[in-house]
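**Q** fold the following.
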Amino acid sequence: MHDVPIIDLSASELGEKIRTKALSPIEVLRAHLNQIEEHNNAYAAFITVSGQEAFAAAKKAEAEIVAGHHRGPLHGVPYGAKDIIETAGIRTTNGASFYRYNVPARNAECIDRLEEAGAVLIGKCNTHEFAAASTTINRNYGTARNPWDRDRIVGGSSGGSACALAARMIPIALGTDTGGSIRTPAALCGVVGLKPTMGRISLRGIYPNVPTIDHPGPMARTVTDAALALQAMAGYDPQDPKSVDKSVPDFTTTLEKGVKGARIAVSPDFTQNAEVDGDIAAAFEHALDVLRHLGAVIETVPFEGAERFPDIFRRIAGPEFSEVHRKHFGENPDAYDPDVRERVEWSVEVPLDDYVRALRERELLIREVEALMTGFDAMISPALPVAAPLIETRMTELNGREVAYKNLHRPFLSSHNLTGGPAMVLPMGFNSQNLPIAIQVSSGRWREADMLRVARAYEAATPELRNKGPRLG
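**A** Numbers count the residues shown, from 1 in each chain. Prediction:
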């Protein structure tokens, strides 16, 4: 008998129990498949469940461990992958009707690396069509529903991954993040989402959105699990033009070193002084107090020119997105979901001259942000200004007013895609409606270890804000 249900264990806990043979990979897989079978119809977290292939991988993992060949902390641990990430022999739909029967011949590089770590792919997680918006309302494969309130969105576009984590269908998931697509759903579903430095994890085998802004990354229920998944996937890929040949540290060695003496920046200017709901603002002030109590030095710093972020983002995202979709859109524009079609239509209108200028302007902005972060261990902010909106209306509450959710996340999240620096979100408790709210931690480029250390210190000091799963209907 196990004191804690298997599906409530973290990936690191599962990995340790598998290593010591207290649990078998097959036992762990079966528990998660049972959870998927019981709840996926109601929540639409998965588009494709690859049970047969998963059992084969779990049996292989068990045989290797019995034979004394233990691959590491994720050996035998199940995970799900966003359905724009190619998986050999397993359908990859990209959330779109165009790819309903698409079965890739090869894995994406990040899948190969997780396979090398011994992790077990359990299926493909729901996504907004072509990962092109932030709700995971998908007319092709079903609307993913928030485990904390089925009438609310999960966020997007990695919404199925966040939903599956919150609903205890998997302990680790993969997502991608172009303007917040890992961090938005993680925040709205009360889990951890990590966007690493641009170039840290290979993009090869992942359907492009905005190629110079796209980031793949891990999602999990704990900071430690996110670090373990990042460790497994990180590294240079000479076949990916955005991959950078940079040494990969052990992200786990400094996780527990705390924040005593750490300098942490807060910069409302950086998020364009965007309005934040009162419940979230109060929780963020409490988070600042927690970090001060742990010995961190919190400093409010200005950042002039943050209003450039949305304009530069739009002028880069538009032409790159339209280039990706020119063929499909030219052949059958009516096959696109209305919100994705709208995005293509404005994207094609961005002049090429604007795009070229924006690329230059982004390089200067990157240097300014790196200068801002010099001397700081991390920067923190609320992850989002609101909690999850309703599916039917796509409206949410902001200080007592009903507001449209569209693009409210951008000032908080998209800047880190432009600059390429690492950023992650983790739970910060719940608002007055018992909906998850989240904090964001970021750092300078290639400094995921600093970011993770700060996030882990906050997580460890506030256990009352997490490890409280939703009651699934």
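**Q** can you give me the strands for the stretch 101-250 of the chain?
**A** 120-125, 172-177, 192-195, 215-220 (DSSP state E, counting those that start in this stretch).
**Q** deepest of these, which one?
**A** Highest mean neighbour count of these: strand 192-195, a mean of 32 (counted as mean count of other Cβ atoms under 10 Å). (Glycine included, C-beta is placed from N, CA and C.)
**Q** what lies in contact with it?
**A** Identification of contacts with strand 192-195 by Cβ atoms under 8 Å, 6 or more residues apart in numbering yields 158, 162, 175, 177, 182-183, 185-187, 215, 217-223, 225-226, 230, 416-417, 422-427, 448, 455.
**Q** please give me every residue in contact with residue 375.
**A** Taking Cβ under 8 Å, 6+ apart, one finds residue 263 in contact with residue 375.
**Q** show the pLDDT at it.
**A** Looking at residue 375, its pLDDT is 94.
**Q** all numbers from here: first residue = 58
**A** Okay, using 58 as the starting number, the last item reads as residue 432.
**Q** give the contact list for the most centrally placed residue in the chain.
**A** Centroid-nearest residue in the chain, with Cα atoms, centre = their mean: residue 239, separated by 2.3 Å. Neighbouring residues of residue 239 by Cβ under 8 Å, 6+ apart: 215, 218, 232-233, 250-252, 272, 274, 276.
**Q** check residue 477 too.
**A** Neighbouring residues of residue 477 by Cβ under 8 Å, 6+ apart: 254-256, 272, 423, 502.
**Q** just residue 425 next, same as before
**A** Applying Cβ under 8 Å, 6+ apart to residue 425 gives the contacts 360, 362.
**Q** and it, its phi and psi?
**A** Taking degrees, to the nearest 10, you get phi -70, psi -40 for the backbone angles of residue 425.
**Q** coming back round to it: now, the most widely separated pair of the contacts of residue 477?
**A** 272 and 423 (14.3 Å; Cβ to Cβ).
**Q** would you put the C-alpha positions of the longest helix along the chain in PDB?
**A** Counting residues, the longest helix found in the chain (DSSP state H) is helix 365-388. Output in PDB follows, covering the C-alpha atoms of helix 365-388 (Å, rounded to 0.1, in the frame of the first residue of the first chain):
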ATOM      1  CA  ARG A 365       8.400  49.200 -27.200                       C
ATOM      2  CA  PHE A 366       7.800  45.500 -26.300                       C
ATOM      3  CA  PRO A 367       4.300  45.100 -27.900                       C
ATOM      4  CA  ASP A 368       5.100  47.000 -31.000                       C
ATOM      5  CA  ILE A 369       8.400  45.100 -31.700                       C
ATOM      6  CA  PHE A 370       6.700  41.800 -30.800                       C
ATOM      7  CA  ARG A 371       3.900  42.500 -33.300                       C
ATOM      8  CA  ARG A 372       6.200  43.500 -36.100                       C
ATOM      9  CA  ILE A 373       8.300  40.300 -35.700                       C
ATOM     10  CA  ALA A 374       5.500  37.900 -35.000                       C
ATOM     11  CA  GLY A 375       3.300  39.000 -37.900                       C
ATOM     12  CA  PRO A 376       5.600  38.300 -40.900                       C
ATOM     13  CA  GLU A 377       7.100  35.200 -39.400                       C
ATOM     14  CA  PHE A 378       3.700  33.700 -38.600                       C
ATOM     15  CA  SER A 379       2.300  34.500 -42.000                       C
ATOM     16  CA  GLU A 380       5.300  33.000 -43.700                       C
ATOM     17  CA  VAL A 381       4.700  29.700 -41.900                       C
ATOM     18  CA  HIS A 382       1.000  29.700 -42.900                       C
ATOM     19  CA  ARG A 383       1.100  31.100 -46.400                       C
ATOM     20  CA  LYS A 384       0.600  27.700 -48.100                       C
ATOM     21  CA  HIS A 385      -2.200  26.300 -45.900                       C
ATOM     22  CA  PHE A 386      -4.000  29.700 -45.700                       C
ATOM     23  CA  GLY A 387      -3.700  30.200 -49.500                       C
ATOM     24  CA  GLU A 388      -5.300  26.800 -50.100                       C
END
